[in-house]
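A.B. asks: how does the following fold in three dimensions:
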Amino acid sequence: MFNDRKIPYIKLIPIILLSFILLRIVNDIEVLTNAASVFISYISSFIWAFGIAYLLNPIMVSIEKKFHTKRALTLLIIYVCVLGISFFSITILTPNIGVSIRELTDATPGYIAKTQIWVSNNMDKLQLLDKYGVTKYLEQATSTFMSNLTRYLNTGINFAFLTAVGFTSSFMKFLLGFVVSLYLLKDKETLILNIKRLIYAVLKKENADGLLKFSNEANNIFSGFVIGKFIDSVIIGFICFVGLSILKMPYVILISLIVGVTNMIPYFGPLIGMIPAFFITLLDSPVKAFWVLLFIIILQQFDGLYLGPKILGKSVGLSPLLIILSILIGGGTFGVLGMFLAVPTMAIVILLANRFISRRLKEKDIKL
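C.D. replies: Numbers count the residues shown, from 1 in each chain. Predicted structure coming up:
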């Protein structure tokens, strides 16, 4: 009888311990966050390695299936190509981008002065506006706007340089990750087999089967979206470079890079890239800025209506409403990276939700 009365209290001990641990975590959340940041910085090279291997794996699989090459030769081809592209970017693209940013910084005061003179001269010709005091108001508004634009451009350029410095300081970690990714791809099958063995050893067979099935589906969603969007953005950036070069626009490489990078963000990316491209060109010529704006709008329509669906297909299978919702949540929570990864993450959440709902409806014998 004594033991029967004690058993319920003994069962409460794990709950009490768990509550105590959660309370300590909440009270020391800043310490926990700092510790997590330090830990992530230590394993950042392996994070880079996993990311690089994850992006290169589909290329490796495609080459091996199509040409029946051995793993060593496949990896040699892939990494030589990647190193060649990296060398081209470092020796040709990066210096040109730096030159464009420096020229833009040096020329900004002159552009602003010319714009203010142009606005002042043209406003003086409009006597009707001057009669009602509109001319003076527009001149003041223009002067304020251009002053703010100068500050924003300087802030943005300083941020770009600070980002470049931060990237340079992390370059060794990237190189180490690049080397480690080679071994991850080389021993991919062995690593996957060991992970499967661990999962089946820890979980029941039906739970392990479900987890592996879900992992495979999540991998298909993420890889299909990330790799497809990357290819799509590279093509859009290249077309932008060719088009702006034909139109003889200024800062072609810088604008093409902005358009290509921001295109990685669904829906909002084209708008985000269009705004700085327009204002950068506006400092040189309002007419050229108009043509750049028109060209990018046409380019993004081509991407949205033809190129994007052709490459991405139905990799995520989300409605536009869910995509926009996921981007807003991801961007508000984790910034630009959150905006990019929010779409495949939302697709996985919807997949889990649909399975849960279907299972519950089946248990209740409800057909809808």
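A.B. asks: where does the stretch 151-300 of the chain dip in pLDDT?
C.D. replies: Within the stretch 151-300 of the chain, the ranges that satisfy pLDDT under 70 run 151-171.
A.B. asks: and the helices in it?
C.D. replies: Taking DSSP state H, counting those that start in this stretch to define them, one finds helices in the stretch 151-300 of the chain at 171-186, 188-202, 205-246, 252-262, 268-282, 286-302.
A.B. asks: tell me the most buried of those helices?
C.D. replies: Comparing those by mean neighbour count (mean count of other C-beta atoms under 10 Å), helix 252-262 comes out on top with a mean of 22. (C-beta placed from N, C-alpha, C; glycine too.)
A.B. asks: that helix vs helix 268-282, what angle?
C.D. replies: Going by axes from the mean of the first three to the mean of the last three C-alpha atoms, to 10 degrees, helix 252-262 is angled at 160 degrees with respect to helix 268-282.
A.B. asks: how far does helix 252-262 sit from its chain's centre?
C.D. replies: Computed by C-alpha atoms, centre = their mean, to the nearest Å, the chain-centroid distance of helix 252-262 equals 14 Å.
A.B. asks: contacting residues around that helix?
C.D. replies: If you take C-beta atoms under 8 Å, 6 or more residues apart in numbering as the criterion, helix 252-262 is touched by 93, 96-97, 100-101, 104, 233-234, 236-238, 240-241, 244-245, 249, 269-270, 272-274, 276-277, 280-281, 292, 296, 299.
A.B. asks: try 6 Å this time
C.D. replies: 96-97, 100, 233, 236-237, 240-241, 244-245, 269, 272-273, 276-277 (C-beta atoms under 6 Å, 6 or more residues apart in numbering).
A.B. asks: what's the closest of those residues to residue 336?
C.D. replies: Closest approach between these and residue 336, by C-beta to C-beta: residue 272, at 8.8 Å.
A.B. asks: how about the contacts made by the closest one?
C.D. replies: With C-beta under 6 Å, 6+ apart, residue 272 has these contacts: residue 262.
A.B. asks: between the helices of the stretch 151-300 of the chain, which one is nearest to residue 368?
C.D. replies: Between residue 368 and the helices of the stretch 151-300 of the chain, the tightest spacing by C-beta to C-beta is seen for helix 205-246, at 23.1 Å.
A.B. asks: mind checking how far that closest one is from the chain centre?
C.D. replies: Averaging C-alpha positions (C-alpha atoms, centre = their mean) puts helix 205-246 11 Å from its chain's average.
A.B. asks: distance of residue 186 relative to residue 71?
C.D. replies: Taking C-beta to C-beta, to the nearest Å as the measure, residue 186 falls 6 Å from residue 71.
A.B. asks: my bad, residue 104
C.D. replies: As judged by C-beta to C-beta, residue 104 and residue 71 stand 46 Å apart.
A.B. asks: which of those two has more neighbours?
C.D. replies: More neighbours surround residue 104 than the other of residue 104 and residue 71, with 18 against 14 (other C-beta atoms under 10 Å).
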